[in-house]
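In: curious how this folds, go ahead:
(2 chains)
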Amino acid sequence: MDSIQKKLLEEVAGLHEVPQGAYSLRINGSLHGKNSSENIEIVQKTDKPGIDIYIKPGTKNESLHIPVILSQSGLRELVYNDFHVGEDCDVTIVAGCGIHNGGSEASEHSGVHSFFVGKNAKIKYVEKHYGQGDGNGENIMNPTTYVELEENAYMEMETVQIKGVDSTYRKTSAKVSKNATLVVHEKIMTHGKQVADTEFEVELNGENSGTHVVSRAVARDASKQKFLSKITGNNKCSGHTECDAIIMDDATVAAIPEILAVNPDASLIHEAAIGKIAGEQLIKLMTLGLSEKEAEEEIVNGFLR
Amino acid sequence: MLQFKDVSFVVGDKAILKNINLEIDDRFVAITGPNGSGKSTLAKLIAGINMPTSGRIYMDGVDITDLSITERANAGISFAFQQPVRFKGITVKDLISLAAGKKTSVAEACSYLSEVGLCAKDYVNREVDGSLSGGELKRIEIAMINARGTKLSVFDEPEAGIDLWSFNNLIKVFENMYERTRGTIIIISHQERILNIADKIVVLANGEVADYGKREDVFPKLMDVRSGCYFTKNNA
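Out: As a prediction, this is how the structure comes out:
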């Protein structure tokens, strides 16, 4: 790995070197290295780019890292990663994509991640997207996430895109069974002329299934964001979706929450708020000695923390 | 210390403050008066949140009228809001660090919080958002002013929303603050017990200084209900 690739790896996965335990590291369109552990098996797909990950039932307190790095300008790839999480597992999966584009052609990474989470399993899935580079080429990332949660399973998904991604279309869809819960925290900041479209679609199919889909977004400069969140309650269930956005400069933000109750015992809530930074927040921090600009940064950083 | 020279603040055709002339140079100065008399506006003029329509404001002989909020803060003015502001994602410790102007350790943040009667370990990492009660926010607001430790501190109704138990503590907080800063503490209040610790009391009515003097001279007049409404009488 060169220094640019190392920096990208640190940004998206918090790693300085190849990680301990199970991992798969993809650099510039090909598998750079992978390591299975006793309980987590990583198998390269033969019919299309990507990997299958098998996590043995009962695997606890283990983590898996699957970062993707693109530092070659103009590279476009589509990767399929399937996660088969056995029953009673408790694991953390860290994914993420970092692009450095120093050229004039667009670089694009599209990852399709499918999660099949067994009964009583608990997973935390962290996904970070980051772009950089001094060229004119665009950094494009289009992550698609598909989730199936079996009975009593729990999945927490944390998805973060703070910097440098010019265009993104993020689609997450999920089917949630009895007593299972899906929690999503999305944090996104766009600047310049960036465009970010996010779509969540959650079907609450089992009795006492639940979901929280929470998005915090900051749109600066002339960037554009669209947040669409749809929750369908097909059973006795509880669903909550919330979009909270700070809008600055000439940016635009659209929030489209949709809740559909098919069962009379479905309890669904949506909340959406878009607004600029409250004047009184700026004033408070300025009375502590911060300039208006510094106050703005503090408020945005806190909001996206 | 702080001087108002013919300061007026007019919004549209309504004069909120009219020709205020004041010299404030004591440890504790209370500003009192009925609702709508212009107390909070006066405090905001000191902090630079409102700018006077006419007149000048001086601190230690320096004209600060045209200084921004930030410049005044850095010149040594602190202001505790009547209604503290909430922030999503910013923690109590973050705000105290910002107030102190440096990264504060947990121990330091805790000492400021303990002083205002908050069990520090429960609060230091809490977000300053809607999950905190009005009274808790009020105390955190005071802790921030304490962390700043500037020569001039202005409190806009600090006792509002704070339960009776903490009243004496609140007064102790002001006394300790003075011991540390040796500056001036201005407190806007209706509370007898706070007026009682003031060296001087300013009485505002209808945007004007109706009375200003030593506590022992002004306080009895405020408390003498038998002679009718002090504010309107003086203003008639």
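In: looks to me like residue B:110 is in a helix.
Out: Yes. Assessed with DSSP: H, G, I helix; E, B strand; the rest coil, residue B:110 lies in a helix.
In: dump the residue contacts of it.
Out: B:120-121, B:124 (CB atoms under 8 Å, 6 or more residues apart in numbering or on different chains). All C-beta spots, glycine's among them, are computed from the backbone N, C-alpha and C.
In: how about 6 Å then?
Out: residue B:120 (CB atoms under 6 Å, 6 or more residues apart in numbering or on different chains).
In: from residue B:122, how far off is it?
Out: 10 Å (CB to CB, to the nearest Å).
In: pull the contacting residues for the residue of the stretch 101-250 of chain A found nearest chain B.
Out: Chain B sits closest to residue A:244 of the stretch 101-250 of chain A, with a gap of 7.3 Å, by CB to the nearest CB. Applying CB under 6 Å, 6+ apart to residue A:244 gives the contacts A:216, A:273.
In: who does it form a beta bridge with?
Out: Taking DSSP bridges as the rule, residue A:244 bridges to residue A:216, residue A:273.
In: could you check the pLDDT of it?
Out: Per-residue confidence (pLDDT) for residue A:244: 93.
In: what is the burial count for residue A:116?
Out: 16 (other CB atoms under 10 Å in any protein chain shown).
In: quick check: the gap between the residue of the stretch 101-250 of chain A closest to chain B and residue B:57.
Out: Separation of residue A:244 from residue B:57 (CB to CB): 39 Å.
In: equivalent analysis for residue A:151, please.
Out: Counting by CB to CB - residue A:151 and residue B:57 are separated by 69 Å.
In: would you say residue A:255 is within a helix?
Out: No. Under three-state DSSP, residue A:255 sits outside any helix and is assigned strand.
In: from residue B:180, how far off is it?
Out: 47 Å.
In: more neighbours: which of those two?
Out: A direct count of neighbours by other CB under 10 Å for residue A:255 and residue B:180 places residue A:255 higher, at 22 against 10.
In: ok, which stretches of the chain are helices?
Out: You didn't say which chain, so I picked chain A. A:3-13, A:279-286, A:292-303 (DSSP state H).
In: wrong one, I was asking about chain B
Out: Under DSSP H, chain B gives helices at B:39-47, B:69-74, B:92-100, B:106-115, B:120-123, B:134-148, B:167-181, B:192-195, B:215-223, B:230-235.
In: list the contacts of stretch A:148-163.
Out: Contacts for stretch A:148-163 (CB under 6 Å, 6+ apart): A:116-130, A:175-189.
In: ok, stretch A:212-227 next?
Out: Against stretch A:212-227 from outside (CB under 6 Å, 6+ apart): A:183-198, A:200, A:229, A:240-255, A:300, A:303.
In: for it, buried residues please.
Out: Buried residues in stretch A:212-227, counting neighbours by 16 or more other CB atoms under 10 Å in any protein chain shown, are found at A:212-220, A:223-225, A:227.
In: then stretch B:105-112?
Out: Buried residues in stretch B:105-112 (16+ other CB under 10 Å): B:108-112.
In: gap between the closest residue to chain B within chain A and residue B:96?
Out: Using CB to the nearest CB, the single residue of chain A nearest to chain B is residue A:302, 3.6 Å away. Using CB to CB, one gets 14 Å for the distance from residue A:302 to residue B:96.
In: get me the contact residues on chain A for chain B.
Out: For chain A, the residues in contact with chain B (CB under 6 Å from any CB of the partner chain) are A:280-281, A:283-284, A:286-289, A:291, A:302-303, A:305.
In: now tabulate those residues in TSV and tack on pLDDT and neighbour count.
Out: Compiled in TSV, those are given as follows (pLDDT from 0 to 100; neighbours: other CB atoms under 10 Å in any protein chain shown):
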residue	pLDDT	neighbour count
A:280	96	14
A:281	96	20
A:283	97	19
A:284	97	26
A:286	97	23
A:287	97	27
A:288	97	26
A:289	96	24
A:291	96	16
A:302	93	19
A:303	94	21
A:305	86	13
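In: any idea which residue sits dead centre in chain B?
Out: residue B:155 (1.5 Å; CA atoms, centre = their mean).
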